[in-house]
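Asks: Sharing a sequence plus its predicted fold:
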Amino acid sequence: MLTLRGDIGPLCAWGGTFMEHPTWLTMDDEAFEAMPRGASAQSGPYLGQVLARALREHLAVVPGEESLRGKPILLRLRPPLPLRVRLYLFRATQHASERQAGTFRIQLTVGEPVPHSERRRFRFDRSDNVRCLLAGYHAELRTFILWDADMQDAGGGYPWSKGVQAPPSVVFGAVARGIAEEVRQLRRPNRVETIIAARSGHLAEAIERRVSLSLHSISGEVLPGC
């Protein structure tokens with residue numbers, strides 16, 4: 001195995017080729033946030049870059065720019081994290097119009113169509129037994145939110161543009177303490193979901209916890225991808 005040295009550990013493959021880490025991966029947070037990104041702070045590969053920066057100590061391969069623009073982002077990680085995950089990352093927003101004031105939410109606008117569904121419904125891509133993770137990122141709070149992907153597309157899948165919510169208490173708990181989790185009762189499926197929120201420095205811990213909770217979240221049986 002080829003091992004190279006870099007300023008954040010062994011050099012990763014950048015887009016499949018071993019080379020120096022891209023500048024955006026190693027610069028400090030203030031410089032990264034100050035980078036010009038056009039009209040929108042969420043444009044281009046911003047969310048993917050935030051994700052890669054949060055996991056840079058755990059990346060086996062740094063995703064290329066096109067991959068960072070997409071949904072899902074295929075990540076190749078180092079143990080004890082899963083070796084491969086497909087992470088569906090969305091911009092998280094806060095809405096006063098939700099039933100609980102200040103609720104954070106994402107909208108699911110990608111997915112694999114469920115064949116022969118009465119209404120167009122979708123599931124996450126678990127091909128090649130790669131585990132899926134569902135997350136949102138709130139840029140102002142610099143906080144990630146992780147839901148249970150296995151619950152969110154259980155049964156017949158989810159409708160296009162489905163809203164997925166997280167209570168403000170779990171998000172602000174993570175802002176205060178670095179990582180937080182909270183349970184809630186889902187109606188469909190009728191199960192209890194644990195939502196995890198984490199600042200960037202705790203994202204790897206949150207992913208490890210998320211995977212552990214999700215492995216038996218539906219039926220107590222191990223689901224594809226680990």
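Replies: Perfect, I can see it now. Numbering: from 1, shown residues only.
Asks: low-scoring stretches of this protein, by residue?
Replies: 1-20, 38-43, 96-99, 188-189, 216-226 (pLDDT under 70).
Asks: ok, which stretches of it are helices?
Replies: 23-26, 29-33, 46-54, 65-69, 149-152, 168-177, 203-214 (DSSP state H).
Asks: Does anything pack onto the last one? Which helices or strands?
Replies: So that's helix 203-214. helix 46-54, strand 131-138, strand 143-147, strand 179-185, strand 192-199 (3 or more Cβ pairs under 8 Å, 6 or more residues apart in numbering; DSSP states H and E). Every residue, glycine included, has its C-beta placed from N, CA and C.
Asks: One more pass at 6 Å, please.
Replies: The contact analysis (3 or more Cβ pairs under 6 Å, 6 or more residues apart in numbering; DSSP states H and E) places helix 203-214 against strand 143-147, strand 192-199.
Asks: Also the fifth one?
Replies: When contacts are defined as 3+ Cβ pairs under 6 Å, 6+ apart, helix 149-152 packs onto strand 131-138.
Asks: now the strand it packs on against helix 203-214, angle please.
Replies: Using axes from the mean of the first three to the mean of the last three Cα atoms, to 10 degrees, one finds that strand 131-138 and helix 203-214 are set 130 degrees apart in direction.
Asks: so how far is strand 131-138 off the chain centroid?
Replies: 2 Å (Cα atoms, centre = their mean, to the nearest Å).
Asks: which one of the helices and strands packed on helix 203-214 is the most hemmed in?
Replies: strand 143-147 (a mean of 26; mean count of other Cβ atoms under 10 Å).
Asks: coming back round to it: looking at the helices of the chain, which is closest to P80?
Replies: Distance to P80, taken as Cβ to Cβ, is lowest for helix 203-214 among the helices of the chain, at 6.3 Å.
Asks: That closest one vs strand 143-147, what angle?
Replies: 10 degrees.
Asks: circling back to that earlier point, tabulate the helices and strands packed on helix 203-214 in JSON lines, adding columns for distance to L59.
Replies: Shown next, in JSON lines, are the helices and strands packed on helix 203-214 (distance: least, Cβ to Cβ, whole Å):
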{"stretch": "strand 143-147", "distance to L59": "16"}
{"stretch": "strand 192-199", "distance to L59": "17"}
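Asks: How much space separates the residue nearest the centre of the chain from T23?
Replies: By Cα atoms, centre = their mean, the chain has its centre lying nearest to A135, at 3.5 Å. Relative to T23, A135 is positioned 25 Å away (Cβ to Cβ, to the nearest Å).
Asks: on that earlier part again, which stretch among the helices and strands packed on helix 203-214 comes nearest V211?
Replies: Among these, strand 143-147 sits nearest to V211 (Cβ to Cβ), with 9.7 Å.
Asks: A92 touches A139, doesn't it?
Replies: No - the criterion here is Cβ atoms under 6 Å, and A92 misses it with A139 at 8.5 Å.
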